[in-house]
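Trainee: Provided below are the primary sequence and the corresponding predicted coordinates.
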Amino acid sequence: TMDHLTSRGVKKNCGRGRPVGRDRLAKDVYSAAKFLGSIPAIDQTRIFALGFSLGAMTTGTVASARYYKRFGADAPKLRAVAGLYGGCYGSDRWLESDAEIPVLWLVGAQDTESPPDSCSGSVSTLESKGLITFHKYPNATHCWDCRTLNGYKKIAGNGNSVTYVYNAKVTKDSEQKVLNFLKSFD
């Protein structure tokens, strides 16, 4: 588990004006990959990243050829990435169309915090390259696996009203999809 916030004295990193920005988040993932790659017992060709919400958006960024060249060239290239309920916010600026590694992208059709259609441009491009496994759960909201936040309501950084709804069936299915995706690289 990677904690981008505590050592920087940050408690919250969601919404507009994030204290820890996209570039820093990507650098942190590449730094972790570099560290893991320095451990002799770890196969450098089998380092993956998995993220939820902003972490998912970060995995979409680190799959990018451009971001790898800018910030990760001294780190082992990630084998693949998986993101759950990440968004793009219209410009496809998180799930990058220039990804060069496989991506698993799981989203909820009822997600108003990270609307899944915001990633449609990148998803289409990556599907044409055979680099994405994409699944939209029809009845899932943001944070579908957050049992303790079931029923939590807020206004998201994008101004949308959000209610988290825990969904045991989607949680189990998404866990299985992530495991199957990772196992596919054996």
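Mentor: Yep, it's here.
Trainee: how close does Arg66 sit to Thr163?
Mentor: Distance, Arg66 to Thr163, by C-beta to C-beta, to the nearest Å: 36 Å. (Each C-beta comes from the backbone N, C-alpha and C, glycine too.)
Trainee: for Ala99, same thing?
Mentor: Distance from Ala99 to Thr163, by C-beta to C-beta: 31 Å.
Trainee: which residues in the chain form strands?
Mentor: 48-52, 80-84, 103-108, 132-137, 153-155, 161-163 (DSSP state E).
Trainee: Tell me, what's the model's pLDDT at Asp173?
Mentor: With respect to pLDDT, Asp173 scores 98.
Trainee: burial measure for the residue lying closest to it once chain neighbours are set aside, as a count.
Mentor: Of all residues beyond its chain neighbours, the one nearest Asp173 is Tyr137 (7.6 Å), with distances taken as C-beta to C-beta, 6 or more residues apart in numbering. Tyr137: 22 surrounding residues under other C-beta atoms under 10 Å.
Trainee: can you check Tyr68 too?
Mentor: Tyr68 - counted by other C-beta under 10 Å - has 22 other residues nearby.
Trainee: quick one on the thing from earlier: between Arg66 and Thr163, which is the more surrounded one?
Mentor: Thr163 (16 against 13).
Trainee: contacting residues for the more buried one?
Mentor: For Thr163, the contacting residues are Thr141, Gly151, Tyr152, Lys153, by C-beta atoms under 8 Å, 6 or more residues apart in numbering.
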